[in-house]
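Trainee: here is a sequence together with a model predicted from it:
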Amino acid sequence: MPKDSSGHLIGGLHTPRLAVPASIPRPYYVDVKDFDESGHGDLYNEEEIERIRAVSQIAAETLDILTAEVRPGVTTDHLDRVAHEYMVDHGAYPSDLGYRGFPKSVCTSVNEVICHGIPDNTVLEDGDIVNIDVTAFKDGMHGDTNRTYLVGDVRQEVRDLVDRTREATLRGIRAARPGRQVSVIGRAIESYAKRFGYGVIREYTGHGVGREFHSGLIIPHYDDPERFTDVIEENMVFTVEPMLTLGGATWKTWPDDWTVATADGSWTAQFEHTIVVRADGPEILTASPAGLD
Ligand code: MF3
Ligand code: CO
Ligand code: CO
């Protein structure tokens, strides 16, 4: 694992961009510099929800097959390649590839990296954790999901962080009901995280997803009812994706302009699902078909 003189993780070397067959339709934004994703709304009819569900299931299956690939000795590039091939083989475009200049098909975020890590020749070691964030695009819709994986034998404090981040994500999802402000999702997540003294990242949030990768709707992972006044409606689709840390909640971006790491080097975990809110509560569109998470 490459590190700087103060022991912080640094990036490795990037490999050439992977190809997507021309037969797979790509989102309009690929390799486009400036574009506006907002303004297309977050409500969907049943036919559209089924399309989001279908692509969300491809994303979830991609995470399922990656379970067998995560082990000491593999590179994050290997995980990217496996994910890329699975999505393409299932007729989906990897939404990350070419999104605002992102060079790879998934995000791989190791240990102190909070999110948006770029797959490279970094070799995973026994005791590490790695979050893999997969977004797939098919039939005009995106589905977005991530999990944090254990690499070999991980120390208990970190395993607890991972388990509680999964639980925080599910608590946030369960709080989503029509008529409530989106801030209730943040309240459920933050109040649970605070029990354990975990840091809660604020500047990276859940988001509306479906027709667009990031629709403009913000789903906070902390409690701020004055600021996050949007009201959840029936058939609204968005992600819940809290990032919790063993230390503080401040972060810095690496010179690659993507990778976001904790400022204090504390390790961090994340889980993400795409959900649709029904009259009687949330439905997880990226639920694992194999019951894995
Ligand atoms: N999938 C991430 C999210 O949850 C976004 C990744 S954008 C990328 O919103 F460009 F970094 F790939
Ligand atoms: Co997301
Ligand atoms: Co994501």
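Mentor: Received it, and whenever you're ready, just let me know what you need. It should be emphasised that the depicted structure is a prediction, and the values quoted were computed from it without experimental measurement. Ligands and ions are numbered 1, 2, ... in the order given.
Trainee: and residue 134, how close does it get to ligand 3?
Mentor: As defined by CB to the ion, to the nearest Å, residue 134 lies at a distance of 7 Å from ligand 3. C-beta: built from backbone N, CA, C; applies to glycine.
Trainee: so which residues on the stretch 101-250 of the chain come close to ligand 1?
Mentor: Contact residues (CB under 6 Å from any ligand atom) of the stretch 101-250 of the chain with ligand 1: 102, 107, 116, 133, 135, 144, 207, 241.
Trainee: would you confirm that the fourth one contacts residue 118?
Mentor: It refers to residue 133. No - using CB atoms under 8 Å, residue 133 is not in contact with residue 118; the gap is 11.4 Å.
Trainee: hey, what's in contact with both of these two?
Mentor: 107, 108 (CB atoms under 8 Å, 6 or more residues apart in numbering).
Trainee: ok so, going back, okay, and which of the residues of the stretch 101-250 of the chain next to ligand 1 map to strands?
Mentor: 107, 133, 135, 144, 207 (DSSP state E).
Trainee: could I get the residues of the stretch 101-250 of the chain next to ligand 1 in a markdown table, plus columns for neighbour count, distance to ligand 2 and pLDDT?
Mentor: Output for those, formatted as a markdown table (neighbours: other CB atoms under 10 Å; distance: CB to the ion, whole Å; pLDDT from 0 to 100):
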| residue | neighbour count | distance to ligand 2 | pLDDT |
| --- | --- | --- | --- |
| 102 | 17 | 13 | 98 |
| 107 | 25 | 10 | 99 |
| 116 | 21 | 10 | 98 |
| 133 | 24 | 7 | 99 |
| 135 | 32 | 7 | 99 |
| 144 | 29 | 4 | 99 |
| 207 | 21 | 6 | 98 |
| 241 | 26 | 5 | 98 |
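Trainee: now, which of those sits nearest ligand 1?
Mentor: For those, the residue nearest ligand 1 by CB to the nearest ligand atom is residue 102; the value is 3.2 Å.
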